[in-house]
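**Q** Take this sequence and fold it.
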Amino acid sequence: MEFILASTNKHKVEELNALLDKSSVTIISPEEKMEVVEDGDSFRANALIKAEAYYKKYNKPTIADDSGLVVNALPDMLGIYSARFSPQLPEYSDKCLKLIEILSDKADKSAYFVCYLCFYKSPEEIYFFEGRVHGTIADKLSGDGGFGYDPVFLPEGRSGRSLAEESQWKMTNSHRAKACLQAVNFFANNK
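**A** From the prediction side, this is the model:
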């Protein structure tokens, strides 16, 4: 089964293909990028919006991913708006420092990354898979792997090491890896 990714991010195509390696699913890049307005009220809604838009353009099965960082002490600040947090700061390292600053006087620094995958085979056949990884927000950035908020996120059970320091672990335990594992198991049992 071949799915067009609702994104032109080559890194994401490679990552998803690696994570879905043990399935009959292959992810390919679209011919061109589309600007899709993600105005849903949840990760699931935004994943569906993107998948449906690409399906309508190409008339082929699509996959969309919507993910972000949810910080429990800041329920309306990140979440589905993670990529748009502090838009005046174009670099994620600066966004991470801003997040640390905002949380400096908060006792609760718990957070989680969430990923929703939407496999849109047709308007009648749509599948969703969710993955989460729980942890806390650190008081400083660490590590040079990963991207986004990885340098400031400390996953549970990893001895205070950030996701940016845990690239190998992340490939099998991240929010996206968990969502992909659900998809692999589903498609293996529903051929």
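**Q** for the residue nearest the centre of the chain, what are its contacts?
**A** Taking C-alpha atoms, centre = their mean, the centroid of the chain lies closest to residue 67, which sits 3.2 Å from it. By C-beta atoms under 8 Å, 6 or more residues apart in numbering, the contact list for residue 67 reads 43, 82, 113, 114, 115, 116, 175, 176. From N, CA and C alone the C-beta is placed, and that goes for glycine too.
**Q** Is it bridged to anything, and to what?
**A** residue 115 (DSSP bridges).
**Q** Give me the distance between it and residue 3.
**A** Separation of residue 67 from residue 3 (C-beta to C-beta, to the nearest Å): 17 Å.
**Q** and what of residue 182?
**A** Applying C-beta to C-beta to residue 182 and residue 3 gives a distance of 15 Å.
**Q** what are the ranges of the strands in the chain?
**A** 2-5, 26-28, 62-71, 110-122, 125-137, 153-155 (DSSP state E).
**Q** Dump those into TSV; add distance to residue 55 and mean pLDDT as well.
**A** As requested, the strands of the chain are exported to TSV (distance: least, C-beta to C-beta, whole Å; pLDDT from 0 to 100):
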stretch	distance to residue 55	mean pLDDT
strand 2-5	8	95
strand 26-28	14	93
strand 62-71	5	96
strand 110-122	5	97
strand 125-137	9	97
strand 153-155	32	96
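**Q** Output these in CSV; the columns should cover distance to residue 78.
**A** CSV is the format used below for the strands of the chain (distance: least, C-beta to C-beta, whole Å):
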stretch, distance to residue 78
strand 2-5, 24
strand 26-28, 26
strand 62-71, 5
strand 110-122, 8
strand 125-137, 10
strand 153-155, 11
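**Q** Compare these and give me the one nearest residue 101.
**A** Comparing these against residue 101 with C-beta to C-beta, the closest turns out to be strand 125-137 (11.0 Å).
**Q** can you give me the angle that closest one makes with strand 110-122?
**A** Relative orientation of strand 125-137 and strand 110-122, computed by axes from the mean of the first three to the mean of the last three C-alpha atoms, to 10 degrees: 170 degrees.
**Q** Indicate each strand paired with strand 125-137 and its parallel or antiparallel sense.
**A** strand 110-122 (antiparallel), strand 153-155 (antiparallel).
**Q** And the last one, how far out from the chain middle?
**A** Centre-to-centre, strand 153-155 and its host chain are 15 Å apart (C-alpha atoms, centre = their mean, to the nearest Å).
**Q** Then stretch 132-145?
**A** On the basis of C-alpha atoms, centre = their mean, stretch 132-145 sits 15 Å off its chain's mean C-alpha point.
**Q** And the pLDDT for the residue lying farthest from the centre of the chain?
**A** Here the chain reaches farthest from its C-alpha mean at residue 105, the gap being 27.6 Å by C-alpha atoms, centre = their mean. Looking at residue 105, its pLDDT stands at 95.
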